[in-house]
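Here is my input; please provide its structure:
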Amino acid sequence: MKVLILFLCFSTLAGFAQNLQEVSKIALEADTFVGIDPYKNTYYIKDQVLHKNGAEGAFVFNDFQLGPITSVDIINPLKVVVFYRDVNTVVFVDNRLNEIERINFNNLPQFINVHTATNAGNNRLWIFNVDTQQIELYNYRNNTKVTVSQPFSGELISQASNFNYCFALTNNSMRTFNIYGSLLSKMDGQQFERIVQQEEKVVALKNNELYLIAENTVQPLKNPLPENTIKDLQLTQDFLYIYDSKFLYAFSLTQPKK
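Numbering: from 1, shown residues only. Modelled structure (predicted):
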């Protein structure tokens with residue numbers, strides 16, 4: 001039943017994704033566009049500094065000793081997850097980008113070599129353990145972890161997740177797991193370069209083209225900016241955001257009224 005619900009949500013997106021309508025375009029100078037949170041704040045990385053701009057002001061976070069920021073998870077704007085792969089460290093920051101706490105995986109009683117780290121809720125992180133080649137749920141409050149997947153073959157290219165699901169893309173497959181460790185689906189990786197998700201919806205990027213993944217099938221989506229190089233993506237409940245290194249575009253995902 002869970003898998004059926006998952007695929008029905010995919011089908012809902014497929015019904016209106018072909019008619020993406022541009023609703024905004026703003027200039028943005030960034031190395032990486034991270035995303036827009038539910039409060040319409042914009043997050044991006046510039047010169048190894050995390051920026052947050054919105055109605056309440058502009059905030060920044062940086063720790064240059066940790067090196068470049070690998071990823072930022074804003075699914076919980078009150079506890080943003082900033083991951084530094086080079087030093088195997090996660091930093092949690094609040095809604096003003098003040099540091100709350102940090103986890104250095106090198107210093108744990110049981111060392112974990114982490115490739116990706118995203119928010120799983122309830123004091124947990126979805127992590128990909130390089131040494132075991134497995135997705136794990138790590139509870140940073142009590143320092144325990146639960147193995148979610150069998151060992152992967154191939155290199156992990158992209159991970160997208162929320163509080164319920166984790167999507168793992170390798171160079172030969174894409175797998176979907178839930179928080180209970182169940183493998184919900186597996187399909188060929190199709191040489192995708194990146195995946196983004198919102199709840200059960202997934203959009204993949206390959207050669208500057210967009211694809212909807214549904215029911216273990218791949219449906220091309222009409223690229224609304226065929227002349228622009230897609231640098232970063234975010235999929236939210238209502239919008240698909242595309243950043244082309246100069247402008248941030250928002251496209252409506254609301255099905256047109258009849």
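
Phi, psi for residue 218 please.
When read as degrees, to the nearest 10, the backbone of residue 218 gives phi -120, psi 120.

Was I right to think it contacts residue 189?
No - applying C-beta atoms under 8 Å as the test, residue 218 and residue 189 come out as separate, 10.3 Å apart. Just so you know, the C-beta spots here come from the backbone N, C-alpha and C atoms, and that holds for glycine as well.

So which of those two has more stuff around it?
residue 189 (20 against 16; other C-beta atoms under 10 Å).

need the contact list for the more buried one.
154, 157, 169-174 (C-beta atoms under 8 Å, 6 or more residues apart in numbering).

same thing with residue 97?
Counting by C-beta under 8 Å, 6+ apart, residue 97 has contacts 50, 52, 59-61, 80.

Can I get the buried ones among those as something I can paste into PyMOL?
In PyMOL, this line selects whichever of the contacts of residue 97 come out buried by 16 or more other C-beta atoms under 10 Å:
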select buried, resi 50+52+59+61+80
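
From the structure, what's the count of residues near residue 166?
Per other C-beta under 10 Å, the neighbour tally for residue 166 reads 26.

no no, residue 201
Residues near residue 201, counting by other C-beta under 10 Å, number 22.

swap in residue 77?
Around residue 77 there are 15 residues (other C-beta under 10 Å).

Please report how far it lies from residue 116.
20 Å (C-beta to C-beta, to the nearest Å).

ok, now residue 91?
Applying C-beta to C-beta to residue 91 and residue 116 gives a distance of 15 Å.

Kindly report the same for residue 88.
Taken as C-beta to C-beta, the span from residue 88 to residue 116 is 12 Å.

what's the neighbour count on the closest residue to residue 78 other than its chain neighbours?
Nearest residue to residue 78, sequence neighbours excluded (C-beta to C-beta, 6 or more residues apart in numbering): residue 95, at 5.3 Å. Per other C-beta under 10 Å, the neighbour tally for residue 95 reads 17.

for residue 165, same thing?
Neighbours of residue 165 under the rule other C-beta under 10 Å: 20.

go on, residue 108?
Around residue 108 there are 14 other residues, counting by other C-beta under 10 Å.

next one: residue 215
With other C-beta under 10 Å as criterion, residue 215 counts 16.

what sits against residue 187?
Contacts of residue 187 by C-beta under 8 Å, 6+ apart are 173-174, 213, 216-218.

Narrow the residues you listed to those that are buried.
When these are checked for burial by 16+ other C-beta under 10 Å, the buried set is 174, 213, 218.

Looking at the residues you listed, which has the smallest pLDDT value?
pLDDT across these is lowest for residue 213, at 81.

Is it correct that that residue is in contact with residue 205?
No - assessed by C-beta under 8 Å, residue 213 is found out of contact with residue 205, at 11.3 Å.

Residue 137 contacts residue 180, correct?
No - using C-beta under 8 Å, residue 137 is not in contact with residue 180, being 9.7 Å away.
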